[in-house]
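Student: This is the structure alone, sequence omitted:
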């Protein structure tokens, strides 16, 4: 069960990483930096925040507090990213750190207690906490992307009006024990 949890967590994180990247692919460079108003964040700012969080949380994961002294959380929102390339470098660095930490975990690590801002959490709770945090922000990225895509939005899930056909196809196949991200991630590897 615990090993299945780690496998599933890696797939879930990879799924959200891909959703973000599929959104970036649909946006012009200037859209990555568009801020709707003073209280909103651009896609690039959200990426910078995710990067800072990922580096802080997943560096020395089992041994030091997840809120590192060197993290500048406020700066993640104040100092802009200057280019698509810089944004993508931060995106990749953050996700790489996360996946390296997950790959280093053993099933018996899931019950260990780690700290974030001096509050104890089991490793399993921490993974779920970060999965919720990252999916929240990737959802923001997708939402902003849908608002800014000039040439129409290519759906990242079942397109409107296609639910019946999608369900018909799925129910015409034998039942299987696959994770919903398997199909999505498989399609990415084949490209």
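Tutor: Sure, I can see it. As the structure is a computational prediction, the values presented were derived from the model and not from experiment.

Student: how far out from the middle of the chain is stretch 71-85?
Tutor: Centroid separation between stretch 71-85 and its chain, computed with CA atoms, centre = their mean, to the nearest Å, is 17 Å.

Student: what's the span of that stretch, first residue to last?
Tutor: 22 Å (CA to CA, to the nearest Å).

Student: Likewise for stretch 147-156?
Tutor: Stretch 147-156 has an end-to-end distance of 14 Å (CA to CA).

Student: What of stretch 52-72?
Tutor: End to end - CA to CA - stretch 52-72 spans 8 Å.

Student: ok, and for that stretch, which residues are buried?
Tutor: Burial within stretch 52-72, assessed by neighbour count using 16 or more other CB atoms under 10 Å, is assigned to 52-59, 61, 66, 71. C-betas here are computed from N, CA, C, even on glycine.

Student: Touching stretch 67-75 from outside, list them.
Tutor: For stretch 67-75, the external contacting residues (CB atoms under 8 Å, 6 or more residues apart in numbering) are 49, 52-53, 55-57, 59, 116-117.

Student: Just the closest of those residues to residue 94, please.
Tutor: Nearest to residue 94 among those, counting by CB to CB, is residue 55 at 6.1 Å.

Student: quick one: contacts for the closest one?
Tutor: For residue 55, the residues meeting the contact criterion (CB under 8 Å, 6+ apart) are 68, 71, 93-94, 97.

Student: okay if I get the buried residues of stretch 52-72 as JSON lines plus secondary structure and distance to residue 135?
Tutor: As requested, the buried residues of stretch 52-72 are arranged in JSON lines below (DSSP: H, G, I helix; E, B strand; the rest coil; distance: CB to CB, whole Å):
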{"residue": "52", "secondary structure": "helix", "distance to residue 135": "17"}
{"residue": "53", "secondary structure": "helix", "distance to residue 135": "13"}
{"residue": "54", "secondary structure": "helix", "distance to residue 135": "13"}
{"residue": "55", "secondary structure": "helix", "distance to residue 135": "19"}
{"residue": "56", "secondary structure": "helix", "distance to residue 135": "18"}
{"residue": "57", "secondary structure": "helix", "distance to residue 135": "15"}
{"residue": "58", "secondary structure": "helix", "distance to residue 135": "16"}
{"residue": "59", "secondary structure": "coil", "distance to residue 135": "21"}
{"residue": "61", "secondary structure": "coil", "distance to residue 135": "19"}
{"residue": "66", "secondary structure": "coil", "distance to residue 135": "18"}
{"residue": "71", "secondary structure": "coil", "distance to residue 135": "21"}
